[in-house]
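Engineer: Following is a predicted model, sequence given first.
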Amino acid sequence: MSRTVAGFDRLVVFVLGLVLVVGGAATGAWALNLLDDVGLPASSVPQQISTGPVTDAAGQPWWAYATAAGAVVLGLLGLWWLLAHIPHRGADALRLPGSSAAGALALDGDAAVAVAAQVIAEVPGVRSASGRMVSERGQLIAEMNVVADPEVDLVELDAAVVEVSRDLATVLSRSDVRGRVHVSIARSSKGLARVA
């Protein structure tokens, strides 16, 4: 969810809350005959509420078109609101140091992390490795997923992960990128051919 959508949500909740509090207080003051105490003379406030204007409007020929148009607008607004709240974990191109008003240096973070994962995939006992750059709560994370055989040498795998992470940090040249490596150990070994 972007900051714009979060700001819009907060504004809408604040306005709705304010309307409900003021409306509830006004209704309570009206029901308890306390409007004179807040500076509104009783003669300026109706003693009964009539729904006649609403029922008269509902009988007009334009009413069906107006309600249909309102339903379409509210439906589109609701659809936009739902789509705006779909989590987007992907990261945009990374702006590198050295960028200025004259020009920007950018790097595809997904490609850099995918290459780092390919290096880890070459470690003996690693079945597969993949990687991508994600954004979580405003934090950039180089995320790699590794699947290894049960016989993998974990010390060697750890050393490879540390070295690749160091190289990736050098390539990205950004101190705000964090790393996360998920290592999954397969339940069984890959079937190796037996030699008789």
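Structural biologist: Nice, I can see it. The structure presented is a predicted model; accordingly, all values stated were derived computationally and were not measured.

Engineer: What residues sit buried inside the host helix or strand of residue 10?
Structural biologist: Using DSSP states H and E, residue 10 maps to helix 3-31. By neighbour count with 16 or more other CB atoms under 10 Å, helix 3-31 contains the buried residues 29-30. For every residue, glycine as well, the C-beta is placed using N, CA and C.

Engineer: what's the lowest-mean-pLDDT helix or strand in the chain packed up against?
Structural biologist: Least confident element among the helices and strands of the chain, by mean pLDDT, DSSP states H and E: strand 94-95 (a mean of 72). Packing contacts for strand 94-95, counted by 3 or more CB pairs under 8 Å, 6 or more residues apart in numbering; DSSP states H and E, involve strand 106-107.

Engineer: ok, how many other residues are close to residue 82?
Structural biologist: When neighbours are defined as other CB atoms under 10 Å, residue 82 has 9 of them.

Engineer: cool, residue 94 as well?
Structural biologist: By the criterion of other CB under 10 Å, residue 94 has 19 neighbours.

Engineer: ok, now the one 4 residues further on?
Structural biologist: Neighbours of residue 98 under the rule other CB under 10 Å: 9.

Engineer: so it, which of the three states?
Structural biologist: coil (DSSP: H, G, I helix; E, B strand; the rest coil).

Engineer: Kindly report the same for residue 135.
Structural biologist: Under three-state DSSP, residue 135 falls in the strand class.

Engineer: Now do the same contact list for residue 150.
Structural biologist: 185-189 (CB atoms under 8 Å, 6 or more residues apart in numbering).

Engineer: Please repeat the previous calculation with a cut-off of 10 Å.
Structural biologist: Taking CB atoms under 10 Å, 6 or more residues apart in numbering, we find residue 150 in contact with 125, 185-190.

Engineer: out of those, which one sits closest to residue 51?
Structural biologist: Of all the contacts of residue 150, residue 51 sits closest to residue 187, with 67.9 Å by CB to CB.

Engineer: Just to be sure, that closest one is in a helix?
Structural biologist: No: Residue 187: not assigned to a helix; according to three-state DSSP it is coil.

Engineer: confidence score at it?
Structural biologist: Turning to residue 187, the model gives it a pLDDT of 84.

Engineer: Could you report the separation of residue 65 from residue 73?
Structural biologist: Separation of residue 65 from residue 73 (CB to CB, to the nearest Å): 13 Å.
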